[in-house]
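Undergrad: Here's my sequence, what's the structure:
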Amino acid sequence: MSAAEPVRVLTEEFPPYNYTERGRITGLGTEVVEAVLKELGLQGQFQSVPWARAYETAISTPGVLIYSILRTPEREKSFKWVGVIAPADYHLYALTGREIRLASLEDAKRWQIGTVQQTVGEEYLLTQGFHKGKNLQSSVRNELNFDKLQQGRIDLWIMNRLTAYQLVRQAGHAPDKTLQDVLRIDALSGQGGYYMAFGAQTPDAMVEQFRKGLQAIVRNGTYDRIQRKWQ
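TA: Model (predicted):
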């Protein structure tokens with residue numbers, strides 16, 4: 001790839017990892033990707049779209065970079081994984097004051113849970129015997145689920161902690177007074193974290209180029225500086 005040819009980079013609105021502010025995509029994950037591109041002397045053509053579209057485009061189009069994406073067994077063969085760009089910590093949240101007590105994930109099947117199409121939270125719950133239209137209510141954007149939670153249209157919300165807190169703050173509420181953590185989803189937490197990745201059709205040489213770029217910003221301290229800034 002020549003330095004003059006921009007890399008197509010897809011993501012979604014998922015603050016604080018990636019989100020649009022004053023017409024520009026920013027966030028923890030965005031800054032890591034930008035640092036890798038700078039290290040490689042490449043330009044990125046960033047676009048924020050609904051996650052399902054970003055996901056399918058990255059799979060079907062060689063050379064399209066996607067972030068922030070969790071690496072799971074179900075996704076393993078669909079992508080070539082560059083490396084981790086940020087931590088992940090998933091929970092089931094309810095509104096403070098709701099009498100919802102879960103001893104296990106199985107207990108959550110009697111409640112309505114808000115998910116987003118083709119995100120790792122939805123994918124994981126589907127593998128655990130949950131069903132769309134029965135106990136999963138699927139949306140196209142993360143912000144919609146906090147609205148549904150407030151309106152009583154769902155009982156629980158599966159979401160990464162940093163993103164849940166950011167969305168609640170953006171809506172004008174205090175996270176620690178608005179949300180109660182009902183159950184941590186261990187299978188989606190602490191296992192590496194969010195990645196940058198290419199679809200499986202992308203040439204290995206391009207993927208390896210980006211792996212080396214990511215390794216370089218880890219070695220020179222840029223990666224840690226970005227992480228500390230956003231935590």
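
Undergrad: For this protein, just list every one of the strands.
TA: 7-11, 19-21, 24-26, 44-48, 65-70, 79-86, 90-95, 113-116, 136-139, 156-160, 179-184, 194-199 (DSSP state E).

Undergrad: Just name the most buried of those strands.
TA: strand 156-160 (a mean of 27; mean count of other CB atoms under 10 Å). C-beta coordinates here come from the backbone N, C-alpha and C atoms, glycine included.

Undergrad: chain center to that strand: distance?
TA: Averaging C-alpha positions (CA atoms, centre = their mean, to the nearest Å) puts strand 156-160 12 Å from its chain's average.

Undergrad: tell me the average confidence for stretch 69-88?
TA: The pLDDT scores in stretch 69-88 average 94.

Undergrad: scratch that, stretch 147-160
TA: For stretch 147-160, the mean pLDDT works out to 97.

Undergrad: Work out the gap between it and the centre of the chain.
TA: Distance of stretch 147-160 from the chain centroid (CA atoms, centre = their mean) equals 18 Å.

Undergrad: Arg219 is nearest to which of the strands of the chain?
TA: Smallest distance to Arg219 across the strands of the chain (CB to CB): 12.6 Å, for strand 79-86.

Undergrad: Would you mind pulling the contact partners of the closest one?
TA: Strand 79-86 has contacts (CB atoms under 8 Å, 6 or more residues apart in numbering) with 17, 28-29, 32-33, 36, 58-59, 65-69, 71, 192-200, 202, 204, 207, 210-211, 214-215, 227, 230.

Undergrad: what inclination does it have with respect to strand 194-199?
TA: In terms of direction (axes from the mean of the first three to the mean of the last three CA atoms, to 10 degrees), strand 79-86 departs from strand 194-199 by 160 degrees.

Undergrad: Paired strands for strand 79-86, with orientation please.
TA: Partners of strand 79-86 in the sheet, by DSSP bridges, are strand 194-199 (antiparallel).

Undergrad: Identify the residues contacting the strand it pairs with?
TA: 17, 29, 32-33, 36, 58-71, 78-88, 206-207, 210, 214.
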